[in-house]
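Trainee: Got a sequence here, can you build the structure:
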Amino acid sequence: MNDQVLDTFDTAQLIPDFNAPQLPSERPDHATLHAAEHNTRHWTSRESGPLTPGSDAHRRETCRMFRETFNPYRPSVLEWPKLEPEALKRIVELPIWDIAVQTEGKARLRMAAYAATIDDPDMRAALALNAWEENRHKEVLSRMVQAYGIALASEPPYEFPKDAEWAYLVTGYSECVDSFFAFGLFEVAKRSGLFPPELIDTFEPVMQEECRHILLFANWVAWHRTRLSWWRRVLFELKVVRVWMFLGWERIGLARSMDAEGNEQEHDNNFTVNGAQSVSDVDLSVPDLMRLCLAENDRRFAGYDTRLLRPETMPKLVRFALRFMRKKPSTQSS
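Mentor: Numbering: from 1, shown residues only. I've put the predicted structure just below:
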C-alpha cells in the first residue's frame, strides 16, 4: 500500500480489528457534557507502585488511560454560535485553516498506518483510536470553516507513508511542539474576550484531546524504546534526532505545498509560536506568552496520573530560554 493515495479512508481499512466508538446522535444535556469534560481531564491508575516505562503495567495503564478518558462528542451536533462582524473577521483572517485541516488529514493517515504495524493489541488499539480522533478533529474544523464561510484551498492528496514509523514520529513530535504553544494561545484568546465564550467552549474538547494525544505519544516512545535491542535503539535514537532536525527546518519560514489543482500554497508553520497578536488586542511580550504556555501545559496535564510520562522537550527548552529573557518593564506615570 506504500504508493497508495488515500483522500478518504476509514481507520478500519488499515486496522481490521479496530472498533469505532459509538457517538450520541443528539447533543447531550449540560450534566452529561460536564461529566464528559471532567472525565477526559482526570484519570488515575488503580495500579499500585511505579509505572516503569516499558513494563506490562506501564503499557496496559497507558492504553487504559487513553481509552477511559475518551470524550464522546459528535462533530455534527456541535453548535457554532453566531459571530459579531469583528469576531467573524478575526476568525476568517487567521492564517491557519488550510494547514490545520491538512495537518489533521495527514495525522489520521500516518497514525493509522503506524498503528497497523504494532503487534501489541492494546497499543495498536490506542493508536488506532488516536487516528480516529484526528479524523474527528478534521471533521470539526471542516464544519467550522463551512459554518463561517472560510475559504480553503483544495486539499492535496494524502499519500500512504513509505516509512510508517518516521511519519508517526514526525506527527507525534510536531504535535508536542504545536500543542504546547496552542495551549497558551487558546488561553490568550479566551482571556481577550474577542471571541464568544460559546465558541471557546466548542473548541475546548479538541484542545484537551490534543493533550491526551501527546500524553499517549510520550508514553508510547518510552514503551517502544525499551522493547528495542541495543543496536535498534541506536538507530531509533538517530531517527529521533533526524525528526527534530526536520521539524526545526520545517519551521523556518513558510512551508509550501501543492493543492489538488497543482497550485502552490504557502502555510505559516510558526503560527503557534507567533500568533498571539491575531487572537488578542493586548500587547503580550514573548516571555509572558512563554510563561502562560508553561502554566497552561501544566494545568492541562495536572489531572492525569503523575506516574505517566509527560512531553518534556518544549517545557525544558522554554524554561531554559526564559532564564535569558528579561521581563518587559511596566510603565508608570510620573
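Trainee: Could you pull out the buried residues of the strand or helix carrying residue 319?
Mentor: Using DSSP states H and E, residue 319 maps to helix 313-322. Neighbour counts over helix 313-322 (16 or more other CB atoms under 10 Å) mark 314-315, 318 as buried. From N, CA and C alone the C-beta is placed, and that goes for glycine too.
Trainee: Can you tell me how far residue 251 is from residue 56?
Mentor: When distance is defined by CB to CB, to the nearest Å, residue 251 is 37 Å away from residue 56.
Trainee: who has more neighbours, those two?
Mentor: residue 251 (17 against 11; other CB atoms under 10 Å).
Trainee: in this structure, which spans are helices?
Mentor: Secondary structure of the chain (DSSP state H): helices at 11-14, 30-41, 56-68, 85-93, 97-115, 121-147, 164-192, 197-226, 230-250, 271-274, 276-279, 286-301, 313-322.
Trainee: Minimum distance to residue 78: which of the ones you listed has it?
Mentor: Across those, residue 78 has its closest neighbour in helix 197-226 (5.5 Å, CB to CB).
Trainee: Tell me what angle that closest one forms with helix 30-41.
Mentor: Computed by axes from the mean of the first three to the mean of the last three CA atoms, to 10 degrees, the angle separating helix 197-226 from helix 30-41 equals 30 degrees.
Trainee: how about helix 197-226: buried residues?
Mentor: 199-200, 202-203, 205-224.
Trainee: One more: stretch 88-104?
Mentor: Neighbour-count burial for stretch 88-104 flags 90-91, 96-104 (criterion: 16+ other CB under 10 Å).
Trainee: Who are the contact partners of residue 225?
Mentor: By CB atoms under 8 Å, 6 or more residues apart in numbering, residue 225 lies in contact with 53-54, 233, 236.
Trainee: per-residue pLDDT, it?
Mentor: Listed pLDDT for residue 225 reads 96.
Trainee: One more: residue 181?
Mentor: 92.
Trainee: returning to what we had before: closest one to residue 193 out of the buried residues of stretch 88-104, please.
Mentor: Closest approach to residue 193 among these (CB to CB): residue 90, at 11.9 Å.
Trainee: Report the contact partners of the closest residue to the closest one other than its chain neighbours.
Mentor: Once flanking residues are discounted, residue 90 sits nearest to residue 194: 6.2 Å by CB to CB, 6 or more residues apart in numbering. By CB under 8 Å, 6+ apart, residue 194 lies in contact with 86-87, 90, 279-281.
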